[in-house]
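Undergrad: Any chance you could fold what I've pasted below:
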Amino acid sequence: MQLMLENGQFVLAGDIFECGTKPAAERLMQVIHANCRAQFTAVDMDYITTVLGKKKESASFLVSLLSDVETRDLILDDETLFRALLEQRGCLRVSPHLYFYVLVRHVLRQAGVEDRSVADYVAELLTEFSREERTRCVLRGQLQPLDYFFEMLAALQTADDYTAFCLRTHIGNHSLFFSGVFPDRIRARAERRGFPGLQYYREMGRASYRAASHHRLASEFDLVPIFDTLSSRFEPTRLALNDLAGRLFAIGDHDLPQFFTG
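TA: Here you go, the predicted model:
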């Protein structure tokens with residue numbers, strides 16, 4: 001699957017063409033969890049040991065270290081691994097989970113956001129939103145997705161408890177993703193067509209994450225501290241994604257990595 005832009009959407013090529021055939025349940029909004037690191041594959045581990053283990057005995061030692069959560073996290077912070085992923089072109093034999101986590105963790109640390117769980121959540125957000133249908137707000141019982149904030153806010157008035165939580169988190173995620181990855185597109189739409197600008201996305205993102213953090217389900221899903229941070233540090237997080245997007249996702253860049261998932 002190739003990471004690319006399709007009609008202004010950040011997608012993995014192949015997935016966008018299947019949206020119409022996916023079961024309805026798979027297109028509904030779902031809660032994103034801070035579980036990117038829990039989804040690393042054996043291929044990911046092989047890649048890490050290849051990059052960081054120069055000698056055979058070093059590679060074996062790394063494998064044992066990667067089985068421990070604390071040492072694994074320290075290994076994932078290694079600058080060499082970040083550089084290898086950043087500079088890789090062509091077929092990249094890692095999962096999107098490893099790819100996004102390492103890159104997001106690096107830029108968030110540079111922005112002063114040190115909590116690994118926040119990096120985990122934002123990386124999983126990018127992984128999920130790399131599939132076009134996950135960027136859409138699809139509610140149970142509705143045929144058409146909600147594409148505008150005013151539609152989502154109106155839906156909150158009659159939503160049940162779980163749907164209201166999903167709507168709040170989706171508005172926050174949507175705000176962070178698009179203002180982080182596509183700020184120029186937002187500016188252009190605001191200037192040419194009178195659409196909301198970046199300030200609107202910032203305010204919507206902050207307010208939505210704040211409201212979501214106060215919902216009972218945020219505690220149940222262990223998302224309260226993450227949403228609190230994303231609310232209070234929305235702008236540094238957004239700018240960190242601007243930095244990442246500027247390096248990796250320029251429109252027309254055909255040398256973006258292809259993820260080998262077989």
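
Undergrad: Ala164 and Asp120, how far apart?
TA: 24 Å (C-beta to C-beta, to the nearest Å). Every C-beta, even on glycine, is put in place using the N, C-alpha and C of the backbone.

Undergrad: And Ala84, by the same measure?
TA: Applying C-beta to C-beta, the value for Ala84 to Asp120 is 20 Å.

Undergrad: and the longest helix for this structure?
TA: What stands out as the longest helix in the chain, according to DSSP state H, is helix 161-181.

Undergrad: buried set for the next helix or strand after that helix?
TA: Later in the chain than helix 161-181, the nearest helix or strand by DSSP states H and E is helix 183-193. Going by neighbour count (16 or more other C-beta atoms under 10 Å), the buried part of helix 183-193 is 183, 186, 190.

Undergrad: same thing with stretch 64-78?
TA: So, applying 16+ other C-beta under 10 Å, buried residues of stretch 64-78: 66, 72, 75-76.

Undergrad: I'd like these as TSV, with secondary structure and pLDDT appended.
TA: Output for the buried residues of stretch 64-78, formatted as TSV (DSSP: H, G, I helix; E, B strand; the rest coil; pLDDT from 0 to 100):
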residue	secondary structure	pLDDT
Leu66	helix	80
Arg72	helix	89
Ile75	helix	90
Leu76	helix	93
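
Undergrad: Which members of these are the farthest-apart pair?
TA: Spatial extent of those (C-beta to C-beta) is set by the pair Leu66 and Leu76 at 9.0 Å.

Undergrad: what do those two both touch?
TA: Both Leu66 and Leu76 are contacted by Ile48, under the criterion C-beta atoms under 8 Å, 6 or more residues apart in numbering.

Undergrad: just to revisit the earlier point, using CSV, write down the CA coordinates of the longest helix of the chain.
TA: Extracted as CSV, the C-alpha positions of helix 161-181 are listed here (Å, rounded to 0.1, in the frame of the first residue of the first chain):
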residue,chain,number,x,y,z
ASP,A,161,-24.0,9.0,25.2
TYR,A,162,-21.6,6.8,23.2
THR,A,163,-22.2,8.7,19.9
ALA,A,164,-21.8,12.0,21.7
PHE,A,165,-18.4,10.9,22.9
CYS,A,166,-17.4,9.7,19.4
LEU,A,167,-18.5,13.0,17.9
ARG,A,168,-16.5,15.0,20.4
THR,A,169,-13.4,13.0,19.8
HIS,A,170,-13.9,12.9,16.0
ILE,A,171,-14.2,16.7,15.9
GLY,A,172,-10.9,17.0,17.9
ASN,A,173,-9.2,14.4,15.7
HIS,A,174,-10.5,15.9,12.5
SER,A,175,-9.3,19.4,13.6
LEU,A,176,-5.9,18.2,14.5
PHE,A,177,-5.4,16.0,11.5
PHE,A,178,-6.4,18.5,8.8
SER,A,179,-4.8,21.6,10.5
GLY,A,180,-1.7,19.5,11.2
VAL,A,181,-1.3,17.8,7.8
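
Undergrad: which other helices and strands contact it?
TA: Counting contacts by 3 or more C-beta pairs under 8 Å, 6 or more residues apart in numbering; DSSP states H and E, helix 161-181 is packed against helix 116-129, helix 149-156, helix 183-193, helix 198-213, helix 216-220, helix 224-232, helix 234-248.

Undergrad: For Thr49, see how far away the residue nearest to Arg238 when sequence neighbours are not counted is.
TA: Nearest non-adjacent residue to Arg238, counting by C-beta to C-beta, 6 or more residues apart in numbering: Gly180, 4.7 Å away. Applying C-beta to C-beta, the value for Gly180 to Thr49 is 31 Å.
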